[in-house]
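1. predicted model and sequence below, questions to follow.
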Amino acid sequence: MKKYTYIILFVLLASMLAVGCTGLNNEKKAPQSAAQDTAWKESVHNNSLLLQTDFGNVGTLNDTKTPDYTTLAITGQNIIDDSDKALKENDQYNLSAKYQDAQKEWVLALGDSKSAGKYMIIVADDSKKGNVNSENVQKVTSFSNSALAHIKRTDTLIQIAD
């Protein structure tokens, strides 16, 4: 009986030592998570500026007297490419809980940006053929406005979380 008691005590002691030596790994996760949060916020900031510049380029196209449909198509493709790049970067981050809502909002912004870019290309191609579809023009406007609203909301949620 004494032998079993020693074995049980030894197993318990070994288990406690093992847990004590390895810990719960919270010490490593907290700084790593904070670093991920910081890197993600920087990525959002940089990509947000890039997308806002892309959308601003569309505005300057509207200011010209002669429509430049080739540039509109190129700008639409740039928006799609920049959105795809931002989505890939976004997927690399494992954020703390306080930034989860901002990250979801950012993904919505990028999805709407891609849709706006897609319809810019469609409008440009149709316009070159002389077939302007007002419904597609409205979709460009709608998706662009929605994307920019989601970007602003993302910034607000980041500020709240900070």
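-> That came through, no problem. Numbering: from 1, shown residues only.
2. could you use CA atoms for every contact and neighbour count after this?
-> Noted.
3. could you pull out the helices in this protein for me?
-> 2-22, 26-63, 69-90, 100-128, 134-161 (DSSP state H).
4. could those helices go into CSV alongside mean pLDDT and mean neighbour count?
-> Formatted as CSV, the helices of the chain follow (pLDDT from 0 to 100; neighbours: other C-alpha atoms under 10 Å):
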stretch, mean pLDDT, mean neighbour count
helix 2-22, 49, 11
helix 26-63, 80, 15
helix 69-90, 95, 19
helix 100-128, 96, 22
helix 134-161, 94, 18
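5. pretty sure K139 contacts G117?
-> No - the pair K139 / G117 is not scored as a contact, 10.1 Å apart, by C-alpha atoms under 8 Å.
6. what's in contact with stretch 142-160?
-> Contacts with stretch 142-160, where a contact means C-alpha atoms under 8 Å, 6 or more residues apart in numbering, come from 41, 48, 52, 55, 99, 101-103, 105-106, 108-113, 115-116.
7. centre of the chain versus stretch 81-99, how much separation?
-> 4 Å (C-alpha atoms, centre = their mean, to the nearest Å).
8. going forward, count from 179.
-> Understood, numbering begins at 179; the last thing we discussed is stretch 259-277.
9. ok, residues contacting it?
-> Outside stretch 259-277, the residues within contact range by C-alpha under 8 Å, 6+ apart are 211-212, 214-215, 218, 221-222, 225, 228-229, 281, 285, 288-289, 291-292, 335-336, 339.
10. recalculate using a threshold of 6 Å.
-> With C-alpha atoms under 6 Å, 6 or more residues apart in numbering as the test, stretch 259-277 has contacts from S211, Q214, D215, L288, A339.
11. what's the span of it, first residue to last?
-> Length of stretch 259-277, first residue to last, C-alpha to C-alpha, to the nearest Å: 25 Å.
12. circling back to that earlier point, can you add distance to E267 and give the contacts of stretch 259-277 back as CSV?
-> Shown next, in CSV, are the contacts of stretch 259-277 (distance: C-alpha to C-alpha, whole Å):
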residue, distance to E267
S211, 16
Q214, 12
D215, 13
L288, 12
A339, 20
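13. please identify which two of those residues are farthest apart in space.
-> The most widely separated members of those, counting by C-alpha to C-alpha, are S211 and L288 (23.1 Å).
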